[in-house]
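Chemist: Here is a sequence with its predicted model. Questions after.
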Amino acid sequence: LFIKSANQRHLGKIFYQDVYGMREKKYEYLGKKDIKSTQWERLKPSEPYYFFVIKDFSHKASYDKFWSIPEIFTQSSSGVKTHRDHFVIGFTKDEVTQRMLTFTSNLPDELVRQGLSLKDTRDWNLKEARDKVKKEDWGKSIISYSYRPFDDRYICYRPEVLERERYGMMQHFMKDNLGICVTRQLSTLNFSHALVTDKIGDMCFVSIKTRETGYFFPLYLYPEKSNPEKHSSVRNLMLFEPQIDYGARKPNISPGLIEQLTKHFKKTPPPEQIFFYIYAVLYSDIYRNKYSEFLKIDFPRIPFAKDYKLFGKMAEYGKSLVDLHLLKSPELDPPIAKFQGKGDNRVEKLHYDHSQLFINKDQYFEGVEPGVFEYQIGGYQVCEKWLKDRKDRKLSLDDIKHYCNIVTAIKNTIEIQKKIDNIYQKVENENQT
């Protein structure tokens, strides 16, 4: 309700109240209350956002002094947008290959359109895309792809079949690299939207929810060799030609940050250590809770330790998390989960009961503790999401082993987060002096 006054010379007064609950309860509340009887709360919106809801910005002065993720990593972009996941992404390389064989066949366009459930868009035309791809060696463009948490799939990574391939940034993941994917804004209540990758990744890698687009920040950049014969348009880049000098990679980290850390530590920390430190901070529950309001509205800001031993310890924990989340950690063996029961391994209706996660009426994963089952990375409840995405599919032995590793990785992640919080407050204390 807005009331305009011609005599108003200053900012208006903003009053706020909200009601949680079922629709019937809200109707009941509205039926009993009016403007005068409602217990309003006075808001004092401040720049630059002028929120019309209650926000706790009591830590703003200290938080604004931290380094923003885009300030730390000099180059970044949002993830790949396919606009047609069902066509270009598959669980196996063969799935994608078979679709592409149909797409590049001599079948009429309308049959291909119907068979592959494809539609023209403002920026994409099936006939034009088919004509272009038929001339290319598309088979070598089917590569591993970070699709969802702990869920690498295969993608035909060609500009002719993708809406936004983000090649300018994703090219740096075609060789040895690491990257952090985070969101800029949240539509959910709490921040858990950070995940490492070593591959080209999807814009919905950490969340599919509105406003929670994933942005990728690579650790290293691989400079591209000049080629005057090559058209400058990103859409025309041939993805797997030898155009990049992979021996001349450079850190994608602000020289200003490196200079600051070198001044504090009396030595220069390697890029990987900085990366691992940042990852540890992003997984601190103290950090996530204290700055929750800020993490909803912009990229995370990172406080850096001034003591090298503290910095190094945080980085150790961050490296452990990275190894776990890439499923490369020795801590995954032996796994804490086991697959039990007899059947055909088909994922049907999920049912969770006392650390047992049933995929059908006879078979289940044992050792999935409640905290692990409920664990969220971004917009996904990981243990549930991975299996739901495979409904009506039969799990292979590799799938079962992979899932047991996911459960083990999350269990160890929770333990490491506790260790991080045991020392994170020291980082805060150093930044207050």
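Modeler: Sure, I can see it.
Chemist: from here on, contacts and neighbour counts on C-alpha atoms
Modeler: Will do.
Chemist: Let me see the mean pLDDT of stretch 383-395.
Modeler: Over the span of stretch 383-395, the pLDDT mean works out to 98.
Chemist: What is the end-to-end distance of it?
Modeler: End-to-end distance for stretch 383-395: 15 Å, by C-alpha to C-alpha, to the nearest Å.
Chemist: Check which helices and strands whatever helix or strand Q260 lives in is in contact with.
Modeler: Assigning secondary structure by DSSP states H and E places Q260 in helix 255-265. Helix 255-265 sits against no helix or strand, with contacts defined as 3 or more C-alpha pairs under 8 Å, 6 or more residues apart in numbering; DSSP states H and E.
Chemist: Pull out the buried residues from that helix.
Modeler: For helix 255-265, a neighbour-count test (16 or more other C-alpha atoms under 10 Å) marks 257-258, 261 as buried.
Chemist: Now do that helix: everything it contacts.
Modeler: 72, 267-269, 306-308 (C-alpha atoms under 8 Å, 6 or more residues apart in numbering).
Chemist: Going through those residues, which ones are buried?
Modeler: 72, 269, 306, 308.
Chemist: Tell me, what's the model's pLDDT at the spatially most central residue of the chain?
Modeler: Nearest to the geometric centre of the chain sits V206, at 2.9 Å (C-alpha atoms, centre = their mean). The model reports V206 with a pLDDT of 97.
Chemist: pretty sure it is touching S146, no?
Modeler: No - using C-alpha atoms under 8 Å as the test, V206 is too far from S146 to be in contact (9.9 Å).
Chemist: where along the stretch 101-250 of the chain do the helices fall?
Modeler: Using DSSP state H, counting those that start in this stretch, the helices found in the stretch 101-250 of the chain span residues 109-115, 126-133, 167-170.
Chemist: Highest mean neighbour count out of those?
Modeler: Compared across those, helix 167-170 shows the largest average neighbour count, a mean of 19 (mean count of other C-alpha atoms under 10 Å).
Chemist: who's in contact with that one?
Modeler: 75-77, 200-201, 234.
Chemist: Flag the least confident of those residues.
Modeler: V234 (42).
Chemist: Show me what the helix or strand containing H402 packs onto, helices and strands only.
Modeler: Under the criterion of DSSP H and E, H402 resides in helix 397-431. Contacts defined by 3+ C-alpha pairs under 8 Å, 6+ apart place helix 397-431 against helix 271-282, helix 285-290, helix 308-325, strand 338-340, helix 370-373.
Chemist: For stretch 301-315, buried residues please.
Modeler: Buried-residue list, stretch 301-315, by 16+ other C-alpha under 10 Å: 301-306, 308, 310-312, 314-315.
Chemist: what do you get for stretch 191-202?
Modeler: Neighbour-count burial for stretch 191-202, counted by 16+ other C-alpha under 10 Å, picks out 191-202.
Chemist: what about it, how long is it end to end?
Modeler: Start-to-end, stretch 191-202 (C-alpha to C-alpha) is 19 Å.
Chemist: Same check on stretch 170-178?
Modeler: In stretch 170-178, first residue to last residue: 11 Å (C-alpha to C-alpha).
Chemist: What average pLDDT does it get?
Modeler: In this model, stretch 170-178 has an average pLDDT of 95.
Chemist: Next: stretch 425-433.
Modeler: The model assigns stretch 425-433 a mean pLDDT of 87.
Chemist: And stretch 42-62, by the same measure?
Modeler: Stretch 42-62 carries an average pLDDT of 66.
Chemist: Chain neighbours aside, what residue packs nearest to E163?
Modeler: Excluding the flanking residues, the one nearest E163 by C-alpha to C-alpha, 6 or more residues apart in numbering is T82, at 5.0 Å.
Chemist: residue contacts, that neighbour?
Modeler: T82 touches 88, 161-165, counting by C-alpha under 8 Å, 6+ apart.
Chemist: That one and T38: what is the separation?
Modeler: Counting by C-alpha to C-alpha, the separation of T82 from T38 is 48 Å.
Chemist: so what's F73 up against?
Modeler: By C-alpha under 8 Å, 6+ apart, the contact list for F73 reads 217-219, 252-254.
Chemist: Give the bridge partners for it, please.
Modeler: Beta-bridge pairing for F73 (DSSP bridges): I253.
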